[in-house]
Every structure is written in C-alpha cells, then in structure tokens.
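> Turn this into a model:
(2 chains)
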2 protein chains.
Amino acid sequence: MEVFDAHIHSEGRSVENLEEMAKAGIKKALTCAFYPIKPNYPETLVDHFRKLREFEVERAKSVGMELHVALGIHPRCIPPKYEMVLEFMRDCTAFGEIGLESASELEVEVFRKQLELAKELDIPCVIHTPRRNKLEVTLKILRILEDLDFPRDLAVIDHATQETVRHILDSGFYAGLTVQVGKLSVDEVVEIVDEFGFERFVLNSDIGFDKGDMFSTVKAVKALEDRFDKKDVERIAMKNALKLFRIERC
Amino acid sequence: MEVFDAHIHSEGRSVENLEEMAKAGIKKALTCAFYPIKPNYPETLVDHFRKLREFEVERAKSVGMELHVALGIHPRCIPPKYEMVLEFMRDCTAFGEIGLESASELEVEVFRKQLELAKELDIPCVIHTPRRNKLEVTLKILRILEDLDFPRDLAVIDHATQETVRHILDSGFYAGLTVQVGKLSVDEVVEIVDEFGFERFVLNSDIGFDKGDMFSTVKAVKALEDRFDKKDVERIAMKNALKLFRIERC
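This next block holds a predicted model:
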C-alpha cells in the first residue's frame, strides 16, 4: 500500500535515504520547515523556504518521491524580526511545523500570528506539540485554536499520544500519529485507531536530522492491514493527508 | 587505516550515513560550506556557517566522526551584498569551498577577496575547479594565485584530473584528488600517485547532496595499500590533510 508520510524533515536525509523510503512505499511526503539552530536572521528562513521548494522537491522527485512542502516558523527557531518571514508564507501547501515548545510568550505570539494568517488564507497547518509537558501544552494549543475559532479541517495537532489524542479529537481537529522511537510504537498506533477509528488521523515518521526509523509509517500501515479493513487503512495511510493538505480531492 | 576525507558536504548526508562512514574508517572529515540554491541574502550564509560549526560538528561527533569546517562563498552561491559574509569568515579552520565555476567577473572578484583574506589571516583554502573547461579554469585559478603571491602551503586545488594535476603541482600547491563517480576512479588515483608521489595530495569524496559513494576514499586507500609503502599511503590518507588544515602538527 502506498503511504503518505505527513511530517518529515527531508533535509536531514541523504538522497539515497529518500530513494529507500520511496521504494519501501512512501511515495508522497510532506517536508516541514525547521532550522536546526536558532537563526540570527529572518532572511535565513526565507532562503530556507526557497531551498525546500526549489531544491528539496527536485531532489526527492529524482528518486521517486513526491514531496510537498510546509513553511513556517518552528517555536524552537524563531529569528529576530520574524514578521518578515510571515510575508513569505503565502501561497503554499501547508504551514508547518508551527506550534509551541516551551509555550513562552514569544512562542504564543508567533504561533497566533501564523494561525491568523492560515485562517485568512485558508492554509492547513501542521502543529507541533512538545515532549515536555505534552498534555498541558497540547491543551494550551487547543485553547488558542478555540479562541481564534480556527477551522477544524485546517489543522493537524501532531505528535499525539494516548494521553492527548482524546482531547484533540474532541476538539474536532486532525491528530498526527508520529510512529518513531521515543514517540509512538506501531502497537500504540494500532491501539489508538482501534479505539478512535481512522477518520481524523494522519501518520508520520518525523524522520529528519536525528537517528530514526525511516520506514516506521510503512511498518505501521502493514500492522494495520493485518487487523483492519483495507479501505480504512488507506485513509490513514494516504487519503486523509491528501484531503487535509488539498493535494487531491478524494 | 584511518582516513581523513578532505572535502565533504555533511549536510547532504543523514546521521546514519555519517556513522557508516566513520565505521568504515573515515574518522575525520572536512565539511565545506555550500548552499544548494543561490541565496537571496548574505545573512543566509552567515547562519549556514553557524549551522555547520554548531550543529553539524556535534551531529558528526555523536556518531564517531571528527568533523572540521571550512567556510566560504562557493562560486555557485554568491549572494547579493556578499561583503557581509566575508566578515564572518575570520577565525576558522579553513576557507572552502571557494574557487571558480564559470569564471565570470563576479566569481573572480569574490574569489580574489577571499584569497586576500586567507593570505592576511593565514587560513588554508579548499579551491573548487569546475567540470566544464576544467583545464582552462584551473589555469586561470593558478594565475590568480600567482598574481597574489599566494602561499603554496595554504591552498589545495581540488577536483584535480590527470589533465590538470601536473600544472597544479608545478605551481607548488596541494592537489585534491576527488574519488567519486564522474570524477576520479580508484585506478586513476593509483596512477596519479604512482607518477607524482604522495607529498602534495589530499584525498576526498566530495560526498554530499548528490548520490555517490560515501566510502570512495576508503576504497582508494585500500587500493593504494596494496601497492605502496604504508608510510606513503598514510600521508595521502591522513597526514597531509592534518598538516594542510593545521589540525595536528605532524
């Protein structure tokens, strides 16, 4: 079954890695903007966005992966004078990854401004939740979205856990299931969809600069195929992401 | 035998790739600055340099590779107002990769300014020569170096070929032998050192964003070990690079 990996950082992978992923079934993926140090200049993120759109998309295409790009200011890499960056975020597939890490005042300010822009421009958002204080920060994110009356079909709250998934689904948003060492195991993904169904989930590996399992989404999909109806598995493997990111109308 | 790969672009490799390289014997490497699209802002290169020094060095270290960093403006990625970038190139192991691609007037201007700075600050340089018009552009580079009375121990003219190597050595500089698909084969490296000795060569793979052989320098070293004295092979595998880049006094 073909898989859409709905959150990767392709820049952390060699072209041979991307080829292995495509050959394993990950034919489409969304690469999210992220700069691995805090940039000293907003201009760095603007060129980073250009690099993702001009270079990364072609690099992936050359080895059989259709790469889509999410642009945004990650809470861990907010540059000075970040307002300049927002101007370059119009006209794209998605915003990402945006969200909160420590949930500082600056992070909340930058997150809200990006959400306001996404709502205005009708652009879907990949929203990061942190490892630390996962539940508390996820709830804070949900309150911010609620406060903005943010459209339910326009956001995936990512890195959901068994602790946070119910809150996310109750709020009406998509939940991102990150199958990765230190995040969800394949078994946990099976348990979660067994309880909550397939309708509002997208799968991802978050593979990038760190060591990790590039094939984790494929492994999860295979485990799901063993237990559930093919049509349901197709939703979480591909169709929900295509719909959410408006890549094809399904 | 431990190998120093004297020209890579670590950013194009996943952390698992760097680990495989280290395990294969490439215990040390020099990663050269290069931005895969032409940046619109000089600030992008300044943050790129910070990323190489702060993030890439740690990423390689975490998997057993001692990474050294060369900073510079590659002829294919000269930003507007590039003078700002030069200010951030002081106090580093090496300049690189710098050099000429099309040998346009702007490229020559930026190359010369970097060489003048390198001479002033006594910093060794990794100098790129292009695939197209290889001989013509290499000779132009040598004329520029001659014109500046550039110290012979302060530059490696990289991507040397059987056609250009004699000119480089006659000028007194180091020659970089890039063992890679589309550049030199292992057999060609053997032939070159058989004719010209081991004194003024460093080996590299130029592995980075493109598909390629990450282990090419190790393969070349093994082929050299079969034919030549161990002490000579150690020079080209490690010692010449340590001396050139002032990493250890040998």
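
> The longest helix along chain A: what's the following helix or strand?
If you go by DSSP state H, chain A has its longest helix at helix A:105-121. Later in the chain than helix A:105-121, the nearest helix or strand by DSSP states H and E is strand A:125-128.

> buried set for that following strand?
Judged by neighbour count (16 or more other Cβ atoms under 10 Å in any protein chain shown), strand A:125-128 contains these buried residues: A:125-128. C-betas here are computed from N, CA, C, even on glycine.

> How about stretch A:91-101?
For stretch A:91-101, a neighbour-count test (16+ other Cβ under 10 Å) marks A:92-101 as buried.

> Run a quick neighbour tally on A:Pro79.
21 (other Cβ atoms under 10 Å in any protein chain shown).

> I'd guessed it sits against A:Leu106; true?
No. A:Pro79 sits out of contact with A:Leu106 when judged by Cβ atoms under 8 Å, with a separation of 11.2 Å.

> hey, where'd the helices end up in chain A?
So, for chain A - with DSSP H - the helices run A:15-23, A:42-50, A:57-61, A:83-86, A:105-121, A:134-147, A:165-171, A:186-196, A:216-227, A:230-234, A:240-244.

> Go ahead and confirm A:Val221 touches A:Phe201.
No. With contacts counted by Cβ under 8 Å, A:Val221 stays clear of A:Phe201, the gap being 11.9 Å.

> State the number of residues packed around A:Ile37.
A:Ile37 has 16 neighbours, counted by other Cβ under 10 Å.

> how far away is it from chain B?
Shown here: A:Ile37 relative to chain B, a distance of 5 Å by Cβ to the nearest Cβ, to the nearest Å.

> okay, that residue: pLDDT?
With respect to pLDDT, A:Ile37 has a value of 98.

> In TSV, list the helices of chain A along with mean pLDDT, distance to chain B and mean neighbour count.
Putting these into TSV (pLDDT from 0 to 100; distance: least, Cβ to the nearest Cβ, whole Å; neighbours: other Cβ atoms under 10 Å in any protein chain shown) gives the following:
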stretch	mean pLDDT	distance to chain B	mean neighbour count
helix A:15-23	98	5	19
helix A:42-50	98	4	23
helix A:57-61	98	7	18
helix A:83-86	97	10	16
helix A:105-121	98	18	17
helix A:134-147	98	24	18
helix A:165-171	98	29	18
helix A:186-196	98	20	16
helix A:216-227	98	14	20
helix A:230-234	97	28	16
helix A:240-244	97	23	22
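
> of these, which approaches B:Val57 most closely?
Judged by Cβ to Cβ, the one of those that comes nearest to B:Val57 is helix A:42-50, at 18.6 Å.

> Would you mind confirming that A:Cys77 makes contact with A:Lys38?
Yes. When contacts are counted by Cβ under 8 Å, A:Cys77 is listed as touching A:Lys38 (5.3 Å).

> out of these two, which sits in the busier spot?
Each of A:Cys77 and A:Lys38 has its neighbours counted (other Cβ under 10 Å); A:Cys77 has more, 20 against 15.

> Contact partners for that one?
A:34-39, A:45 (Cβ atoms under 8 Å, 6 or more residues apart in numbering or on different chains).

> could those residues be laid out in CSV, adding distance to B:Ser205?
Below are the contacts of A:Cys77 laid out as CSV (distance: Cβ to Cβ, whole Å):
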residue, distance to B:Ser205
A:Phe34, 27
A:Tyr35, 26
A:Pro36, 23
A:Ile37, 26
A:Lys38, 31
A:Pro39, 29
A:Leu45, 31
